[in-house]
Structure formats: C-alpha cells, structure tokens
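**Q** Predicted coordinates and the sequence they were generated for:
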Amino acid sequence: MISCKDSAEKKSAIKNEEAATETIKDTVVKKDTPASSEKSNANKWNANAAAAQIKFSIKGPFGTVNGNLSGLKSTILFDENNLTASSIRASVDTKSISTGIKLRNRDLQKEKYLNSDTYPLISFQSNKILRSGTGYKASGNLMIKGVTKRVEIPFSFSKKGNAGIFKGHFTIQRQDYAVGKSGGSIGSTVTIDLEVPVTK
C-alpha cells in the first residue's frame, strides 16, 4: 500500500519537476529572443537638411539633364552593429525641383510629370537594412506621384565622433511612377545620387 505521505511526496516531486521544466523553458526563450531594448538601441542621426544633396540626372532631348531636390525631412536610426534595429524614413519636396532652368522646373511640377500640387512629396521608407559588399543596402518602398515601388538603395556610411555622412546611388525607371510619357526624347532611366551629412 502507498501511504498518504508517500502520495503527497510524489505529487510534490512532480510539481517541483514541472516548475523546473517551466523555468528552463523561460530561460531558453529569454536567451533566444532579443530583448526589446536590444531591438531599439540603434543610434538616431539628425540630418543636416540644408547641406544634404539629393541629385538626379536623366537623358534629355539636348543632352543629360541634371537637377536636385531639397526640403529633406527624415528619421534615421542606424547602427553598423545592429542593422536589425536600423531604419530610414525620408521625404523631399517635389516643388523644390531645380534643373537650372525655371521654365523647365515649372513644367516638371505639372500633372504630366510630378504633379506637385497633388503629390507634394517623394518619400522612402526602409523595410530592412543589410550589409552589401563594403557598404550597406536599404530595401524599402519609394513613393513618387502616389505610386509605390520596392527599391534597393546601396549606400555607404562614414563617421567621425558624433558626425557622419551617408552616400547613396541608385536608378529608377520614371515610367514605373507614371512620370512623363513613354518613348520620345526623354530617357527612361533616372539616376539618383544622395549625400546626407548627419550628427547625433
């Protein structure tokens, strides 16, 4: 016969074993799951919007047309050692477009091209940032004229103390964003160069 005492001791042992198992599970989960603070400790960098350069070039009827955009607004979280927590959100003002010719600037703001009155911003939001070669690559959504497309922006980052600079280079197809008509004397590929100085 099993005494009440033995039965109670057995039940107690089972409970202790179950508690120990749960403790081990909790330990494993905590060890394998990044802490919330670890996910959000990427450095915040403040862009110098006045000094930032957002340049573009495209083939025109009389040669290459070069221009730039301004009015940069951004939220930049970046840490070379914690790319999972890093992200980039940025926008520029379409009415700031400048190609050196005022008449062309006004024409590019019309409905046929950027339609600036309806779509005042060009914006980018990263989904992930990865290492790529000797630099990095931001994969995310670029929105122009109300059209959103996935793009990858290769970039480099160099820093000195609490200051740094981001440099990026990529291309897009203007017709993916309904900018202008197909064919004609205007090229289809737009080359974009970025240079954004930042401080902590």
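**A** Received, thanks.

**Q** which residues touch Val198?
**A** Trp45, Asn46, Ala47, Asn48, Ile76, Ala163, Gly164, Ile165, Phe166 (Cβ atoms under 8 Å, 6 or more residues apart in numbering). For every residue, glycine as well, the C-beta is placed using N, CA and C.

**Q** which of the residues you listed lies closest to Val92?
**A** Ala47 (11.2 Å; Cβ to Cβ).

**Q** Can you give me the neighbour number for the closest one?
**A** Residues lying near Ala47 (other Cβ atoms under 10 Å) number 19.

**Q** was I right about it contacting Glu195?
**A** No: assessed by Cβ atoms under 8 Å, Ala47 is found out of contact with Glu195, at 10.7 Å.

**Q** so what's in contact with these two at the same time?
**A** Counting by Cβ under 8 Å, 6+ apart, nothing touches both Ala47 and Glu195.

**Q** Tally up the residues packed near Ser91, please.
**A** That count, for Ser91 with other Cβ under 10 Å as the rule, works out to 18.

**Q** just to revisit the earlier point, in JSON lines: the contacts of Val198, plus pLDDT, secondary structure and distance to Met143.
**A** Below are these laid out as JSON lines (pLDDT from 0 to 100; DSSP: H, G, I helix; E, B strand; the rest coil; distance: Cβ to Cβ, whole Å):
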{"residue": "Trp45", "pLDDT": "98", "secondary structure": "strand", "distance to Met143": "22"}
{"residue": "Asn46", "pLDDT": "98", "secondary structure": "strand", "distance to Met143": "23"}
{"residue": "Ala47", "pLDDT": "98", "secondary structure": "strand", "distance to Met143": "19"}
{"residue": "Asn48", "pLDDT": "98", "secondary structure": "coil", "distance to Met143": "24"}
{"residue": "Ile76", "pLDDT": "98", "secondary structure": "strand", "distance to Met143": "18"}
{"residue": "Ala163", "pLDDT": "98", "secondary structure": "strand", "distance to Met143": "29"}
{"residue": "Gly164", "pLDDT": "98", "secondary structure": "strand", "distance to Met143": "26"}
{"residue": "Ile165", "pLDDT": "98", "secondary structure": "strand", "distance to Met143": "25"}
{"residue": "Phe166", "pLDDT": "98", "secondary structure": "strand", "distance to Met143": "20"}
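
**Q** Quick one: those residues as JSON lines, columns for distance to Gly63 too.
**A** Converted to JSON lines, those look like this (distance: Cβ to Cβ, whole Å):
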{"residue": "Trp45", "distance to Gly63": "37"}
{"residue": "Asn46", "distance to Gly63": "37"}
{"residue": "Ala47", "distance to Gly63": "32"}
{"residue": "Asn48", "distance to Gly63": "32"}
{"residue": "Ile76", "distance to Gly63": "35"}
{"residue": "Ala163", "distance to Gly63": "37"}
{"residue": "Gly164", "distance to Gly63": "35"}
{"residue": "Ile165", "distance to Gly63": "30"}
{"residue": "Phe166", "distance to Gly63": "29"}
